[in-house]
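Enquirer: Got a predicted structure plus its sequence, pasted below:
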Amino acid sequence: MGKALETKELVKWYGKEVLALNKVTFDIDAGDFFVIVGPSGCGKSTLLKIIAGILDYDSGKLYINGVDMKGVPSYKRDVSMMLEMYALFPHMNVFDNVAFGLRMLGKDKSEIEKEVKEALRLVGLAGLEKRMPLELSGGQRQRVALARALVINPSVLLLDEPLSHVDYRLQRKLMEDLKEIHRKVGNTFILTTHVQEHALSLADTVMVMNTGVIEQIGKPEEVYTTPATVFAARFVGEINLFSAQIKSWDGGLCYLTTDIGELKANPKNKNTLPSSGKVAYAIRPEYVKIGEEARLCDNKTEAKLVSYYYFGHYMEYVFEAIGNTKIKVSVPTEKVGNLTLGSTYLLGWSAKDVLLIERPCMIEGLNIEEVIYGK
Amino acid sequence: MGWGDRLAKVYIALIILFIYIPTFFMIALSFKSGAKVSFPIEGFTWDWYVKPPTGYEYSAYISIMHDKNFFTALNNSLFVSIVTALLTCLLVTTTALALRKKIVGRDLLFYLFLLGFIVPGVALGLGVTFMFRLFGIESSLLAVAAIVTVYTVPFGLILMMSRFDPELATYEYAASVLKASPLSVFRRITFPLIIFEVISAAIMGFLLSWGEIIRTQFVMKGMGTLATYIRNELSINPITPKWFAAGTIIAIIAFVGLAIFAYIMSRRVR
Amino acid sequence: MSTLQLKMGLTDRVAKYSRYLLLLPGFVLLLLFLLIPLSMIVGISFFERFTVTGPENLTLKNYVAFFTSPQTPVILLNTFGMSLLACLIAFLLGYPMAYFLVFRVKSARVRFFVVSLLLVPFLIDWSVRVVAWLPILGESGIINYALMSWGVIKEPLELLFGRSALLIIWPQTYLLWMIFPSYLALTRIDPDIINAAKVLKAPPHRVFFDITFKLSLPGVVMGFIFVFVSALGDYVTPALWAGGIQTLGLSVANYAANFVWPYAAALSTILVAIALLILYVLLKVVDIKKLVY
C-alpha cells in the first residue's frame, strides 16, 4: 500500500515565541482513516492547514502521494478540506457552494449537476440546493461543508474538528456517516478532534499530539492498551495513575512502591522497562474490582467511596485511598451493586492488567509527577 | 414602547431637523422675489431659476439656468468627484486588502494613511502649491482630485476595514483548498463579498470631494469646482436668492441620486 | 499532474506577495500628495524667501517672528479653543444620535433610512448651506425678525459674524464626522457584553459609562480627531462668517495669498505639529486601531 502522506521533521513557528510543530515526522497509508487527537493548542489544526497549503512551514519535508509540497500552492494540491467553522460562502446557495470546487476544476455543467446531486444525497441533504447558508441549521451547514469538500474527490480529505460545533446527536450521526462514506469512497481521511472517544471510535490509526510533538501513533486498541507515555494514557480513555518506584523484578513480575502502598505489576511491555527507577503505575477503571471480587486479586487496597457518576451503560465510582489518592472504578450498569457513599470498600486488580509507563511525555524536561498530577 | 424609545425618536427627529434647517430656508428663499436675503418672504417667483438674462446684470442677478459659469463649475465638480470616487474606491480597496493581513509595519502604515486626513487642509493645500511651484507643474482638476483623494482615503479605509467580514480570510482559504486559483479566489469570493464596501467607498469619495473647498480653493487657480465657484461669488458679490436656487437644484440632484442608491442598498440590508 | 505543473506559477508568486503589491498604489498617492508636500512646508519654513528659482537664505526668523508676535496667543486661543469647543458641541449632539441609532432603532431599514437622510444636506453646496444660516441668524433673519416684531429686542442681535457663528456652523457642518465613527464603534460592541453587565446587577448609568461608552471610545476619539482637524484646517468659515477672527488656518491663507510663502509655511508647520501632538495624546489614551482590525 502506498503512502498518501509523509512528513519529515516538520517545524512551524508562530512568531518567535510559539513553536506550533516541533519536528513532526509521521506517514499515513493511502485509504487510511487517520485521526489526530490532542488538547486545543497542540498543533493539530496547524498541521492540517500546512497539509492543505493554507499555512507554510518553516522547515522539514511534506510529501503528498510522494510529491514534495514545498512551494506548491493550496489549489494545486490533491487535497480538500472541511474547515472548522465550515466557511460556507455566504453569497452562494447550497448548490453553488458544493459545485464551487468542480467549477474550479473546469468540469462541464451536466457533470457538475450530477456530482453535486450525488454528493448532497450522500450527506442526506437532497432537495436543499436552493437554500442559502444563513437559512440552514448547524447540522445542515456541517453537511454542506462535508459535501463540498468531498465532491472534488481529493486523494486526501482533511476534516478540521468537524464534530466540535454540533450537539451530541448530530455528532453521533456524523460519525456513523463519516465511517460509511469513508468505506464507500476509499480516500484517505485525516480528521482532528480534541475528544478522545471520537478518535478511538472513528480511526483506523490514531495520532496523539501534545504541544507540537507526537506522543504516539497506532491503532486505537494499541494506543488504549499500551500507551507510550503518561500523556497519551491520560488523553485516550480514563485511567488511574500513581507515581511509583520499581523495587525489584521477579521473572515477569515487578514489585513497586507507590503512593498507595506496595503493588505488583505484570505489564505487557516488560521488555522495554528499566530494572529500577521512577515509573507511572497505571490501571484502567474497568479493571478495578470492588468488594468480594477484589479479594481474589493480587493487588488490594482499602478505599472510601466519595462520589459516583452515572453514564447510562456504566457507572463510575470515585474512591479515595491512602493519601487522598483518587481511584476511579467503572462498572457496567447491570453489575452495579449497592454501595453507600462514605463507606470503605476493598478494591483490587490483577497485576497483568497494570501498565507501567516510563516516559511522562515526548517533550524533554517534564517531571513524571507533574504530568500525572498536573503542576 | 418605553420612554427611552420615545426619547430616542424625538432626539433623532430633532437632530435631523437641526441638520435640515438651512436646507428648508434655502428652498424657501430661492423663491423669494426680492434680491435681499431676509424675512419676511414677500412674493413667490421662479425668476432666480429661469429668468432669461438681459445681458446687463451682475452675475449675482443672472438666473441660475442661464449662468454659464455655474454649469462650467458643475462640470468641473462632477469631473473631480467622479475621479475622486474611482480613485478612492480603488485605493481603499487595495490598501484595506493589504492591511487586513499581518504585514511588517502595518500600524505605521495605517497611521500614515490617517495622516492624509489629520494634516489640516490649509497646510496640505500650501504644501501642494509649493510642490507645483518648485517643479513647475500646472494645477489641474486631476491634481485636485488626487489631493482630495488623500483626504478621502482614510475615511474609506476606516469604513471598509471595520466592515470587513472577519471570516473573509477563511472563505478565501476554503476556496483555495477547493481548487480556486488566486485569481478565481479574488473574482469569486473576495470581490463579491466586499462589493458593498467597495461601492460605499466610492460613494464616500464622491460625497467628500463634492463638498471639499479648502484644498481645492488653495490649489485650483481660475475656474474651480462648484464649491469654490459659489464660495468666491458669495465673498465678492451680494448674496441673492440665486444661490439658494443653485443649492436647491444641487439638492434635488443629490436627493434623487442618493434615493436610488439607498433603494439599491436597502435591498441588501436584512 | 506532473511535478512541474505543481510548482508556483507567475500568478501564484504575485498572489504570495500581493499584500505588498496592493499597498503600492495607495503609497504612491501618499508619497506624491502628502509626504512630499508636507516635507516642502517644513523645509521652506526655514528659509527667508521662496522664489521661482527655489528657496533662499536659511533662517529661523519665521519661527522667531511667530513666537514673539503679541498676536500669537490670541490666534492660538482662537484656533484651538474654537476647534475644541466645536468638537465638544458636535460630540454632545452627535453621540446620543449614534447611540440611539444603534441601540434604540431596532429595524435595520429604518436605521439605514435615517443615515441616508443625514447624508442628503451634506451634498448641498457647502457655501450655500452656510449662507442659508443668514436668513435664520442674520441681522434681518427670522430670529431677529421674530424677536423684534414681538418687541423683545429693539436692535438686531449679532448672532452671525462672530465667534458664535463658528460654534453653530462648525458643529452642524461636521456633525456627521462625529456621528459616523461613534456609530461604527457602537455597532462593534457585542450586545452580550452589555447583557452580562446588566445580569451582574449594574444600574443603567453604570452599564452605559463603564461598558458601552468605554468600549465606544475609539470611535469617539476618531470623531474628535475628525471634527477637530476639519475645524483646524478650515479657514473659509472664519474668513467669511466669523468676521475675520484670526485663526492659524486663516493666517496661513492670508500670508499665502500675499505670497509670503516661508512665513505661511512656518505657520502651517506649527499647525501640523500641534495637530499631530493632540493626535498623539489622544492615541495614547485610546487605541483607535480597535475600530478597524
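Expert: Perfect, thanks for sending it.
Enquirer: Flag every residue of chain B that's near chain A.
Expert: By C-beta under 8 Å from any C-beta of the partner chain, the residues of chain B that approach chain A are B:165, B:167, B:170-171, B:173-182, B:184, B:188-189, B:192-193. Glycine gets a C-beta too; all of them are placed from N, C-alpha and C.
Enquirer: Show the buried residues in those residues.
Expert: Taking 16 or more other C-beta atoms under 10 Å in any protein chain shown as the criterion, what is buried in these is B:167, B:170-171, B:173-182, B:184, B:188-189, B:193.
Enquirer: Show me what secondary structure element comes after whichever helix or strand residue B:27 is part of.
Expert: Assigned by DSSP states H and E, residue B:27 belongs to helix B:3-29. For helix B:3-29, the following helix or strand on the C-terminal side (DSSP H and E) is helix B:47-50.
Enquirer: can you list the weak-confidence ranges in the stretch 1-150 of chain A?
Expert: A:1 (pLDDT under 70).
Enquirer: residues contacting residue 266?
Expert: You didn't pick a chain, so chain A it is. A:252, A:253, A:254, A:350, A:351, A:352, A:354 (C-beta atoms under 8 Å, 6 or more residues apart in numbering or on different chains).
Enquirer: looking at chain C here, not the other one
Expert: For residue C:266, the contact set (C-beta under 8 Å, 6+ apart) comprises C:45, C:62, C:63, C:65, C:66.
Enquirer: For ChimeraX, write the selection for the buried entries among those.
Expert: Filtering the contacts of residue C:266 down to the buried ones (16+ other C-beta under 10 Å) takes a single ChimeraX command:
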select /C:45,62,63,66
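Enquirer: Pick the one among the contacts of residue C:266 closest to chain B.
Expert: Lowest distance from chain B to the contacts of residue C:266 (C-beta to the nearest C-beta) belongs to residue C:45, with 10.1 Å.
Enquirer: what pLDDT does the closest one get?
Expert: pLDDT for residue C:45: 92.
Enquirer: helix or strand for residue A:55, which one?
Expert: Using DSSP H and E, residue A:55 falls outside every helix and strand.
Enquirer: how about it, phi and psi?
Expert: Main-chain torsions, residue A:55, degrees, to the nearest 10: phi -110, psi 150.
Enquirer: you'd agree it is up against residue A:10?
Expert: No: using C-beta atoms under 8 Å, residue A:55 makes no contact with residue A:10, being 10.9 Å away.
Enquirer: Generate a PyMOL selection restricted to the buried entries among the contacts of residue A:266.
Expert: Buried residues among the contacts of residue A:266 (16+ other C-beta under 10 Å), as a PyMOL selection:
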select buried, chain A and resi 254+350+351+354
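Enquirer: Now, the contacts of residue A:266 that are in strands?
Expert: Among the contacts of residue A:266, the members falling in strands (DSSP state E) are A:253, A:254.
Enquirer: Make JSON lines out of the contacts of residue A:266 and add pLDDT.
Expert: Listed next are the contacts of residue A:266 as JSON lines, based on pLDDT from 0 to 100:
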{"residue": "A:252", "pLDDT": "83"}
{"residue": "A:253", "pLDDT": "90"}
{"residue": "A:254", "pLDDT": "92"}
{"residue": "A:350", "pLDDT": "94"}
{"residue": "A:351", "pLDDT": "92"}
{"residue": "A:352", "pLDDT": "92"}
{"residue": "A:354", "pLDDT": "93"}
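Enquirer: Low-confidence ranges, the stretch 51-200 of chain B, go.
Expert: Checking the stretch 51-200 of chain B against pLDDT under 70 turns up B:55.
Enquirer: Where do the helices of it begin and end?
Expert: For the stretch 51-200 of chain B, the helices defined by DSSP state H, counting those that start in this stretch cover B:68-100, B:106-118, B:121-135, B:141-163, B:168-177, B:182-184, B:191-211.
Enquirer: angle of the first one against helix B:191-211?
Expert: Interaxial angle of helix B:68-100 relative to helix B:191-211 (axes from the mean of the first three to the mean of the last three C-alpha atoms, to 10 degrees): 140 degrees.
Enquirer: Now do helix B:68-100: which elements does it pack against?
Expert: helix B:106-118, helix B:141-163, helix B:191-211, helix B:226-236, helix C:18-30 (3 or more C-beta pairs under 8 Å, 6 or more residues apart in numbering or on different chains; DSSP states H and E).
Enquirer: The fourth one now?
Expert: Under the contact criterion of 3+ C-beta pairs under 8 Å, 6+ apart, the helices and strands touching helix B:141-163 comprise helix B:68-100, helix B:106-118, helix B:121-135, helix B:191-211, helix B:214-219, helix C:18-30, helix C:163-187.
Enquirer: deepest of the ones you listed, which one?
Expert: Counting by mean count of other C-beta atoms under 10 Å in any protein chain shown, helix B:214-219 has the highest mean neighbour count of these, with a mean of 25.
Enquirer: What lies in contact with that helix?
Expert: Contacts to helix B:214-219, defined as C-beta under 8 Å, 6+ apart, come from residues B:80, B:121-122, B:124-126, B:128-129, B:132, B:139, B:143-144, B:147-148, B:151, B:224-225, B:227-228, B:231, C:233-236, C:253, C:256.
Enquirer: rewinding a little: report the buried residues of the helix holding residue B:27.
Expert: For helix B:3-29, by 16+ other C-beta under 10 Å, it's B:8, B:11-12, B:15-16, B:19, B:22-23, B:25-29.
Enquirer: so where does residue 98 fall, helix or strand?
Expert: Just going to use chain A. Secondary structure assignment for residue A:98, by DSSP H and E: helix A:94-104.
Enquirer: oops, chain C please
Expert: With DSSP H and E as criterion, residue C:98 is part of helix C:82-103.
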